[in-house]
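Peer 1: Curious how this folds, go ahead:
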Amino acid sequence: MGDSFVITGEEQASLDELIKETENLSEFEDAVVAENEGLDNSNLPHCKYIVVNGVLENKTPKPLNVYEEKIWAGGMLKQFPDPLERIGYFIANGIQPQGVMEAVVYKGMNSDGVECGWLLAFMDSDQNGGMK
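Peer 2: Numbering: from 1, shown residues only. Modelled structure (predicted):
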């Protein structure tokens with residue numbers, strides 16, 4: 001198989017912290033909305049927060065640049081790396097039922113020196129057990 005990627009302890013701690021902050025923010029936002037609308041938030045259904053994180057590894061000889069990105073649902077806590085030198089990561093988030101649905105296209109030269117595009121697209125609504 002190819003090379004494997006290992007995230008450092010510091011990077012994992014950073015990801016864990018961002019995910020925890022995101023979950024706390026979701027609960028806070030629910031409480032604020034309920035208060036602003038004059039609702040008793042004890043009767044509100046608990047929203048499930050969805051977090052998708054990914055690690056990107058560039059195995060081409062030169063950096064890749066974001067050509068285009070699209071967000072249909074959710075948002076970004078940490079943007080797609082631009083440029084993608086060797087290794088980078090992103091964090092996307094959303095709330096049920098919409099979840100997260102995003103895509104990014106990177107452009108650059110492949111190992112043969114030919115200009116190419118690389119597409120990464122993903123979805124996670126966590127409906128019916130989750131979809132990716």
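Peer 1: Can you show me the helices along the chain?
Peer 2: Remark: helices assigned in the chain by DSSP state H are 9-36.
Peer 1: pLDDT-wise, which helix or strand of it ranks last?
Peer 2: Ranked by mean pLDDT, DSSP states H and E, the helix or strand of the chain with the weakest confidence is helix 9-36, at a mean of 64.
Peer 1: For Gly94, the count of nearby residues, please.
Peer 2: A count of nearby residues for Gly94, using other C-beta atoms under 10 Å, gives 24. Just so you know, the C-beta spots here come from the backbone N, C-alpha and C atoms, and that holds for glycine as well.
Peer 1: whoops, Pro81 was the one
Peer 2: For Pro81, using other C-beta under 10 Å, the count is 21.
Peer 1: Near Leu56, how many other residues are there?
Peer 2: Counted with other C-beta under 10 Å, residues neighbouring Leu56 total 18.
Peer 1: for the spatially closest residue to it that is not a sequence neighbour, what are its contacts?
Peer 2: Nearest non-adjacent residue to Leu56, counting by C-beta to C-beta, 6 or more residues apart in numbering: Gly88, 5.1 Å away. Contact partners of Gly88, counting by C-beta atoms under 8 Å, 6 or more residues apart in numbering, are 55-56, 58, 80-81.
Peer 1: Tell me where this structure has strands.
Peer 2: Applying DSSP state E to the chain gives strands spanning 49-57, 65-73, 75-78, 87-95, 100-109, 115-124.
Peer 1: TSV for those strands, including mean pLDDT and distance to Glu17?
Peer 2: Listed next are those as TSV, based on pLDDT from 0 to 100; distance: least, C-beta to C-beta, whole Å:
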stretch	mean pLDDT	distance to Glu17
strand 49-57	88	12
strand 65-73	96	23
strand 75-78	92	11
strand 87-95	90	11
strand 100-109	96	19
strand 115-124	94	21
